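J.: With the input below, show me the fold.
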Amino acid sequence: MILPGQTLGVLGDGPAGKMLAQAAESLGYRARIFPGIDASRDGFAGLRAFAGECAAVSCASEIISTEALDVLAETARLHPSRDVLHLGRSRLHQKHWLAQNKFSQAACAEVLDGDVAAAVARVGRPCVVKMADFSLEGRGQMRIANDADLEQASVIFQGRRCLVERWIDFAAELSVLVARSESGEMRLYPLVENIHARGVLDFSIVPARMSEAAAVEVQHLARDLAKKLGVVGLLAVELFLTDRGELLVNAFAPGTHPSGDWTLDGSETNQFEQQIRAVCGLPLGPTDRREPSVTVGIYGEAWRGGRDPDWTVILREPRAKLHLFGGLDPRPGRRMGYFSVRASEVGLALELARELRASLLGRSLS
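T.: Residues are numbered from 1 along each chain as shown. Below is the predicted model of the structure:
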């Protein structure tokens, strides 16, 4: 167990990294942040020195170079582990791991020698081409429904490592956060229903609007996956609920996750504190939700004509909380922050969230 007073390292100086550091400091730890993007600029000497000063290191993003992960694994107590983070950065490796461990997922095929058409023929249409490695802000994928799409995808993905996945007609996109400590203690957060638009997370709804039986099935699946993976820290498991009632694993992401942002205002233990608790071997905190809540992503499109949005739309609503990351240049598709809404019923929270977003963007709900 790593007790308060010791130094914890956070790799990644983005919004999630800063929130992890704040959570560590609120629990009495000293926190150090290292910008993972520049880890190799001095031959990893700075990264080694950073890791050597820390009782443990946690990563604020799974998109970290293999070389940097190797250095951390050799130098520091790293959670989640190097192997888990390596899986976290690669769709292709995840697909292989899920198949080996008998988790249901969409049919897929690896693109060999740049031949997207051959992989599409194996999977069938409609389908989606995805980069083999995960990318930030929902980039790196394209839906294929016809010959024109296929021709365009063959040009876009030429020479790139990618895979083709069968398109899923889903009733809902779901995610669940699992917290697991080195001792094997686990806590699960309530199931989240996610709505995406333009390839990025738009709404997260808690609790998910689905049957109790389906929610229990998701929890069993997520527990099994986290245990087999051996993750220490948080793990976000993303799933599709198909029109036929099947649960398919879409992906998993070690560490804190955008679909867990609701926990900052709506849970007894937010995801950033829970990550620190798990990494340090402290007792895991309660994961109960306070009230139904809806989280709405705020993206660069909200800055119209270079002007800041009217934040008072959110700030004057007592049931809403605004969170802006700061320090980022607004651009289309970039997540600049979010706001959350709580209410006595999930339908009321969703209705208010939609009204507030429409007002923020200057749009009509109709």
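J.: now the stretch 51-200 of the chain, which segments are flagged as low pLDDT?
T.: 62-63, 135-139 (pLDDT under 70).
J.: let me redo that: the stretch 201-350 of the chain
T.: For the stretch 201-350 of the chain, no range has pLDDT under 70.
J.: Where do the helices of it begin and end?
T.: Counting by DSSP state H, counting those that start in this stretch, the stretch 201-350 of the chain has helices at residues 212-229, 263-266, 271-280, 312-315, 346-361.
J.: Next one, pLDDT for the closest residue to residue 28 other than its chain neighbours please.
T.: Using CB to CB, 6 or more residues apart in numbering and skipping residues adjacent in sequence, the residue nearest residue 28 is residue 4, 3.0 Å away. (C-beta placed from N, C-alpha, C; glycine too.) On pLDDT, residue 4 comes in at 97.
J.: Same question for the one 4 residues further on.
T.: At residue 8, the predicted lDDT confidence score is 97.
J.: what's residue 264 in contact with, if anything?
T.: 270-272, 321, 323, 340 (CB atoms under 8 Å, 6 or more residues apart in numbering).
J.: which among those gets closest to residue 314?
T.: Residue 314 has its nearest neighbour among the contacts of residue 264 in residue 321, at 8.0 Å by CB to CB.
J.: Please name the bridge partners of that closest one.
T.: residue 340 (DSSP bridges).
J.: Would you confirm that it contacts residue 339?
T.: Yes - in this structure, residue 321 is within contact of residue 339 by CB atoms under 8 Å, at 6.4 Å.
J.: Neighbour count: the two, which is higher?
T.: residue 339 (25 against 19; other CB atoms under 10 Å).
J.: Who are the contact partners of that one?
T.: Contacts of residue 339 by CB under 8 Å, 6+ apart are 295-296, 298, 314, 320-323, 353, 356.
J.: so can I have a markdown table of these showing distance to residue 304?
T.: Shown next, in a markdown table, are these (distance: CB to CB, whole Å):
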| residue | distance to residue 304 |
| --- | --- |
| 295 | 22 |
| 296 | 17 |
| 298 | 13 |
| 314 | 16 |
| 320 | 21 |
| 321 | 23 |
| 322 | 18 |
| 323 | 20 |
| 353 | 20 |
| 356 | 17 |
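J.: Report the buried members of these.
T.: 295-296, 298, 314, 320-323, 353, 356 (16 or more other CB atoms under 10 Å).
J.: coming back round to it: pick the most deeply packed of the helices of the stretch 201-350 of the chain.
T.: Highest mean neighbour count among those (mean count of other CB atoms under 10 Å): helix 271-280, with a mean of 26.
J.: name the helices or strands packed onto that helix?
T.: strand 7-11, helix 15-26, strand 56-59, strand 170-180, strand 233-242, helix 263-266 (3 or more CB pairs under 8 Å, 6 or more residues apart in numbering; DSSP states H and E).
J.: Pick the most buried one from those.
T.: strand 56-59 (a mean of 26).
J.: Which strands and helices lie in contact with that one?
T.: strand 7-11, helix 271-280.
J.: Include distance to residue 143 when you put the ones you listed into a markdown table, please.
T.: Formatted as a markdown table, the helices and strands packed on strand 56-59 follow (distance: least, CB to CB, whole Å):
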| stretch | distance to residue 143 |
| --- | --- |
| strand 7-11 | 33 |
| helix 271-280 | 30 |
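J.: hang on, the earlier thing: from the contacts of residue 339, which is closest to residue 31?
T.: Using CB to CB, the contacts of residue 339 come closest to residue 31 at residue 323, 19.4 Å.
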